[in-house]
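>>> Here is the input, now give the coordinates:
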Amino acid sequence: MAEEKKRNRGLKVAGWVMGILLLLIVLIPFALYIPWVQNIVKDYACEWASEKTGLDINVGRILIKFPLDVSVDDVLVLDQNRDTMLMAENLTAGGAMKPLLGGELQADGARPNKGGHKRGGGA
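Numbers count the residues shown, from 1 in each chain. Got it, this is the predicted structure:
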């Protein structure tokens with residue numbers, strides 16, 4: 001009898017753990033539509049991209065709209081010499097769901113609003 005109670009308790013604990021993990025897997029994508037979560041992700045992404053590229057990347061605000069539209073405000077990208085590579089009051093882009101499910105990030109292109117970028121070429 002005592003062994004059966006231990007077994008049932010173990011199954012209950014395992015069920016709770018699996019249920020919580022499943023709930024987290026379902027809730028995390030939806031959490032990205034909450035503005036303060038977007039702000040945390042924005043700060044992390046800017047820091048990560050700056051480290052990886054050697055550029056100074058700053059974003060004022062990011063807004064992810066359902067399903068995959070992204071609007072980024074107050075974008076400033078500076079190169080190592082502190083020259084402006086990209087400055088925009090607002091950038092908008094739309095994404096595709098099917099490639100995202102396959103692990104690829106695909107955007108329909110970014111459209112700047114009141115901004116500009118540095119064109120490549122010799123100095």
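>>> How about the contacts made by the residue nearest the centre of the chain?
In the chain, the C-alpha nearest the mean C-alpha coordinate belongs to Val41, at 5.4 Å (Cα atoms, centre = their mean). Shown here is Val41, whose contacts under the criterion Cβ atoms under 8 Å, 6 or more residues apart in numbering are Leu32, Ile62. Just so you know, the C-beta spots here come from the backbone N, C-alpha and C atoms, and that holds for glycine as well.
>>> any idea how far it is from Asn58?
To Asn58, Val41 is 15 Å away according to Cβ to Cβ, to the nearest Å.
>>> next one: Ser71
Here the criterion is Cβ to Cβ. By it, Ser71 lies 16 Å from Asn58.
>>> Which residues are in contact with Leu21?
The contact partners of Leu21, taken as Cβ under 8 Å, 6+ apart, number zero.
>>> Can I take it that it is in a helix?
Yes: under the criterion used here (DSSP: H, G, I helix; E, B strand; the rest coil), Leu21 sits inside a helix.
>>> Report the secondary structure element holding Ala93.
Using DSSP states H and E, Ala93 sits within strand 84-95.
>>> Kindly report the same for Val75.
Applying DSSP H and E, one finds Val75 within strand 69-78.
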